[in-house]
Every structure is written in structure tokens, then in C-alpha cells.
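Peer 1: Give the three-dimensional model of this entry:
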Amino acid sequence: MSDSARILIAVAPYYQHITDQMVDGAQRALAREGWTYETVEVAGAFELPFAIATAHEAGGYDGYIALGCVIRGETSHYDLICNEVARACQSMATDGGLVIGFGLLTVENAAQALVRADPAQKDKGGEAAKACIMNLKLARRFLES
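Peer 2: You can find the predicted model right below:
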């Protein structure tokens, strides 16, 4: 069994100063494992599941990392986006067998997002990559037995 993998990082760069840090954290975690990755940008957080599903259908990736940031505003748009993106990613993982590291920040303000995105602090991009790595290794263990 090879420990290497090819990973797609899908990022919604609406708050690019935040998501750039998340991508950096994810790339560092993947590089420590020696895994290759490709990064694509999508229009917004709502489009993350579409990008992952389409890339999976096209083939070539072992796992996926969804990165983005949604900051609560004055309307219910925040709840809709956060819930639906999480639901779609979970469904692809449980029903479709995709390995997805979920890194969608859902925060009240930009200050919270910056702390969570910073690789020197909470490193949520790195955590999403580590979840993808761990789950891919687990899937390989079960499926190759």
C-alpha cells in the first residue's frame, strides 16, 4: 500500500486574506506527508460541493479538502450556506465514499476567522488537511484488507 495520495484543495476565496492562510496550512500539512495536491478556486462556499463532486466524477484524486469562510451577516443567508455546504460534503462522504477534509470557517466576525485561519494559531486549513489524510489512510486500511 502506497502512502502517497493526490489531493484536490477546493477553496472559496471570498475572504482571500483569510482563505490564503488556510490554503497555506493545508499545503504544509500535505507536504509533510509527501502528498501532491492541486488547488482550484470556486465562486463561493456554496460551490465547494459542486467542485468536489465534479472533480471526483472526472477522476484522478484520492481525497478532497474544502476550504472557505462564511461570516455571519444581517440575514439568514449565513445559516443557509453553512448548513447546506456541510450537508452536501457529509453526504458525499457517507453516501458517496469520498474522503473530504472539511474546512469551512463559520464565524461571527473577521477577527475570529483570522485566528482560526492562521497556521501559527488555530490552523483550520491544516486541520482539514490532517482530517483528509487520516480518513484516507483509514479508508485504505479498511478497503485494502
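
Peer 1: Give me the nearest residue to E38, chain neighbours excluded.
Peer 2: Nearest residue to E38, sequence neighbours excluded (CB to CB, 6 or more residues apart in numbering): L8, at 5.6 Å. Just so you know, the C-beta spots here come from the backbone N, C-alpha and C atoms, and that holds for glycine as well.

Peer 1: now the one you found, what's its secondary structure?
Peer 2: Under DSSP: H, G, I helix; E, B strand; the rest coil, L8 falls in the strand class.

Peer 1: Can you report how many residues neighbour it?
Peer 2: 22 (other CB atoms under 10 Å).

Peer 1: same thing with K124?
Peer 2: 25.

Peer 1: My read is that it contacts L105, right?
Peer 2: Yes: between K124 and L105 there is a contact under CB atoms under 8 Å: 6.1 Å.

Peer 1: who touches both of those two?
Peer 2: Common neighbours of K124 and L105, counting by CB atoms under 8 Å, 6 or more residues apart in numbering, are M22, R116, A117.

Peer 1: Which helix runs longest in this protein?
Peer 2: Longest helix in the chain, counting residues (DSSP state H): helix 124-143.

Peer 1: buried sites along that helix?
Peer 2: Burial within helix 124-143, assessed by neighbour count using 16 or more other CB atoms under 10 Å, is assigned to 124-133, 135-137, 140.

Peer 1: which other helices and strands contact that helix?
Peer 2: Helices and strands touching helix 124-143, as assessed by 3 or more CB pairs under 8 Å, 6 or more residues apart in numbering; DSSP states H and E, comprise strand 6-11, helix 16-33, strand 63-71, strand 100-107, helix 110-117.

Peer 1: Show me what the second one is packed up against.
Peer 2: When contacts are defined as 3+ CB pairs under 8 Å, 6+ apart, helix 16-33 packs onto strand 6-11, strand 36-41, strand 63-71, strand 100-107, helix 110-117, helix 124-143.
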